[in-house]
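[1] Take a look and give me a structure for this.
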Amino acid sequence: MELSYLVREPENITSKTPILFMLHGYGSNEEDLFSFVPTLPKEWIIVSYRAPKTTQFEGFSWYDIDFMNQEKFINVEQAKESLDALLRSMMDITNRYGLTENDTHLCGFSQGGILSYALALHYPQLFSKVACLSSYPEEKILGNIVKDKKQLHHLRFFISHGTDDAVIPLEWGRKAADLLYDLGCYFTFREYMSGHGVNQKNYMDLMTFFES
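    Sure, this is the predicted structure:
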């Protein structure tokens with residue numbers, strides 16, 4: 001599975017250049033989170049992926065969702081295929097740029113945030129900062145995550161959720177705080193007066209997280 005993506009390269013790239021991979025939500029595309037580029041660190045490589053599956057709303061998704069069947073709400077097989085494709089693509093891009101001493105960051109919204117939790121907690125050695133926006137840790141996708149605190153101690157999570165989110169309930173998003181606390185991970189969890197999206201204050205706090 002080949003994944004399409006947009007990329008913003010800095011003027012200079014060395015083996016230590018940080019890279020940020022961005023994963024959009026259900027029904028969106030690679031241009032969504034790529035709109036964050038103007039306020040992200042200029043010295044970073046920014047890669048924004050397009051999910052592999054098309055939706056009936058003319059957008060893309062990382063896996064199908066059956067909104068009428070809670071038992072089969074998530075197509076777990078497709079989700080795992082997307083995770084494998086993302087991991088292969090990320091490693092390929094990292095090797096292509098010769099990034100051997102750099103920090104690798106993740107930013108995912110909604111469905112993309114769900115996959116970001118899985119990537120970071122399955123392969124903590126690969127990532128540094130992880131932002132999960134309007135999403136939640138999905139147990140069916142997480143599976144056997146790393147629980148060794150020594151392998152997780154360097155990760156930094158930024159979790160945000162709208163108090164009026166009608167797509168992914170706030171209670172689901174709060175599961176992340178419980179999970180990350182139990183794992184001994186460093187994280188910031190913030191709630192905003194918004195729906196299923198990123199309001200201005202959320203956006204500013206996200207940029208501060210990546211710049212710090």
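[2] For the nearest residue in space to Gly112 that is not next to it in sequence, give the beta-bridge partners.
    The shortest distance from Gly112 to any non-neighbouring residue, by CB to CB, 6 or more residues apart in numbering, is to Leu23 (3.0 Å). (C-beta placed from N, C-alpha, C; glycine too.) Counting by DSSP bridges, Leu23 is bridged to Tyr49, Gly108.
[3] Now do Leu23: how many residues are near it, please.
    Look at Leu23: counted by other CB atoms under 10 Å, it has 30 neighbours.
[4] Mind naming the longest helix for this protein?
    The helix that spans the most residues within the chain, counting by DSSP state H, is helix 76-96.
[5] which residues touch that helix?
    Contacts to helix 76-96, defined as CB atoms under 8 Å, 6 or more residues apart in numbering, come from residues 1-3, 5, 19, 21, 23, 47, 49, 51-53, 62-64, 102, 104, 114-115, 118-119, 122-123, 126, 138, 140-141.
[6] go with 7 Å
    1, 3, 19, 21, 47, 49, 51-53, 62-64, 104, 115, 118-119, 140-141 (CB atoms under 7 Å, 6 or more residues apart in numbering).
[7] Please, a PyMOL command that selects the buried ones among these?
    Selecting the buried subset of the contacts of helix 76-96 in PyMOL, with 16 or more other CB atoms under 10 Å as the burial test, is done by:
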select buried, resi 3+19+21+47+49+51+52+53+62+63+104+115+118+119+141
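[8] So for stretch 182-198, what gets flagged as buried?
    So for stretch 182-198, counting by 16+ other CB under 10 Å, buried means Leu183, Cys185, Phe187, Phe189, Tyr192, Ser194, His196, Gly197, Val198.
[9] what's the straight distance from one end of that stretch to the other?
    End-to-end span of stretch 182-198 (CA to CA, to the nearest Å): 27 Å.
[10] Which pLDDT value belongs to the residue minimising distance to the centre of the chain?
    Closest to where the C-alpha atoms of the chain average out (CA atoms, centre = their mean) is Gly108, at 2.6 Å. pLDDT, Gly108: 98.
[11] With the one 3 residues further on instead?
    What the model reports for Gln111 is a pLDDT of 97.
[12] same question, Asn69
    On the pLDDT scale, Asn69 gets 66.
[13] and if you look at the one 5 residues further on?
    According to the model's per-residue confidence, Ile74 sits at a pLDDT of 89.
[14] So the closest residue to it other than its chain neighbours: helix, strand or coil?
    Residue nearest to Ile74 in three dimensions, not counting chain neighbours: Lys140, with 5.8 Å by CB to CB, 6+ apart. Assigned with DSSP: H, G, I helix; E, B strand; the rest coil, Lys140 falls in the helix class.
[15] wait, what's in contact with the residue nearest to Gly112?
    Residues Tyr49, Gly108, Gly112, Leu115, Ser116 are the ones in contact with Leu23 under the rule CB under 7 Å, 6+ apart.
[16] now the third one: how far from Glu11?
    Put plainly, it is Gly112. Here Gly112 is placed at a distance of 28 Å from Glu11 (CB to CB, to the nearest Å).
[17] Kindly report the same for the second one.
    Gly108 sits 27 Å away from Glu11, taking CB to CB as the criterion.
[18] What of the first one?
    In this view, Tyr49 and Glu11 are 23 Å apart by CB to CB.
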